[in-house]
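> sequence unknown, structure follows:
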């Protein structure tokens, strides 16, 4: 298989971390900034967003448990079923045309036993994982995410994984996976990848925006700078699990920090696959009920957390003109966030009573994704004209982020 090749075509002179980059994997080529689209079933982002200029990069994210892995290993019918489910996605038109990142989140924890957290996979588990990730239709192999594993344990897993991988596939294209880690653990994992000749990475932010988690982003930048200096190679950097905003905040408009990911030096990012953190009000109610014995215990049932009627219905809409997330309950919102040309998900779709509740929830999410993908295309033009800082500075709800961007711009790790 061919290798992964990344070439920075133009760094913005006003914010050097922002750049346009060409990513080549086999015969496929994309240019960034690029908003990755989830690809799974008929209602996924990649299938409902029709305009091809917004496509290029897919995230195929699957949670894989040890129980499922054992089923695949022990039952040929289960193995065939699992293989067909992946094939149907990887054989889709979107996966054929775009670069697709197949990311497994592996879990071997068991809440019903004495192992409530993930642990270092056994040799047998690693063999099974290698067998799963080397699907013949994938574009590049990505080591799986293993949530909650320490940096030291994940490094031990990587050593096992790469020692076993050649038994299943020789010299495949590989994109490294970097967990959300402290500096000491980060360096060990980064050095391991460099020794393997891997220069492109997926960084897991675990539902933290790069603007807030700028220390972790700085570690990624330091690695990218080192690769540029020592190996004369460019690094493709994809940010995983970037959150949007807390939907139940009472503030009318909140800053869209997720779109700032591009200006923070990452070439692409996608929709977070992790559960959103609970609002403070809900957390407070949970704690109060736990203190009163409302959770658990003999004969007790798990109570439903009461929310305001408005809270239950509200969602947020991304406004490209000012980088704000607007509460859906605001008046005159359609004139504030008008429909644009070449957009698949229209404003009126979000309030259509004839659309099922399940589908309308997905449309409300994809409404924002489609506009972020459109903004990513505009950012390519802004970077080409060295004006991304001016562009972002003109956005009313991005001004607080500009201070962080200036700091990132002035830092050098060489």
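Good, I have the coordinates. Computed from a prediction, not measured in an experiment: that's the story for all the values here.

> the strands in the stretch 251-400 of the chain, which residues?
253-255, 268-271, 316-319, 324-327 (DSSP state E, counting those that start in this stretch).

> Enumerate the beta-bridge partners assigned to residue 35.
Residue 35 has these beta-bridge partners by DSSP bridges: residue 269.

> cool, and residue 319?
Residues in beta-bridge contact with residue 319 (DSSP bridges): residue 324.

> can you count the residues close to it?
21 (other CB atoms under 10 Å). The C-beta positions use only the backbone N, C-alpha and C, and glycine is treated the same way.

> For it, give its distance to residue 334.
12 Å (CB to CB, to the nearest Å).

> Average pLDDT for whichever strand or helix holds residue 67, rounded please.
Residue 67 is located in helix 66-74, with elements delineated by DSSP states H and E. Summarised as a single mean, pLDDT over helix 66-74 is 92.

> buried set for that helix?
Using 16 or more other CB atoms under 10 Å as the test for burial, helix 66-74 gives 66, 68-69, 72-73.

> which residues of the chain score low on pLDDT?
1-2, 113-114, 246-249, 277-313, 410-414 (pLDDT under 70).

> list the helices and strands the lengthiest strand in it packs on?
The residue-count maximum for a strand in the chain (DSSP state E) belongs to strand 15-25. Applying 3 or more CB pairs under 8 Å, 6 or more residues apart in numbering; DSSP states H and E, we find strand 15-25 packed against strand 4-12, strand 28-32, helix 357-384, helix 388-393, helix 399-410.

> and residue 45, which of the ones you listed is closest to it?
Nearest to residue 45 among the helices and strands packed on strand 15-25 is helix 357-384 (5.1 Å), distances taken as CB to CB.

> so that closest one versus strand 15-25, what angle?
Helix 357-384 and strand 15-25 are oriented at 110 degrees to each other (axes from the mean of the first three to the mean of the last three CA atoms, to 10 degrees).

> what's the spacing between helix 357-384 and its chain's center?
14 Å (CA atoms, centre = their mean, to the nearest Å).

> buried sites along that helix?
Buried-residue list, helix 357-384, by 16+ other CB under 10 Å: 360, 362-377, 379-380, 382-383.

> Tell me what angle that helix forms with strand 4-12.
Using the same axes, to 10 degrees: helix 357-384 against strand 4-12 is 60 degrees.

> in the protein, which spans are helices?
45-48, 66-74, 76-90, 93-97, 123-133, 151-164, 183-195, 214-231, 280-291, 309-313, 333-336, 357-384, 388-393, 399-410 (DSSP state H).
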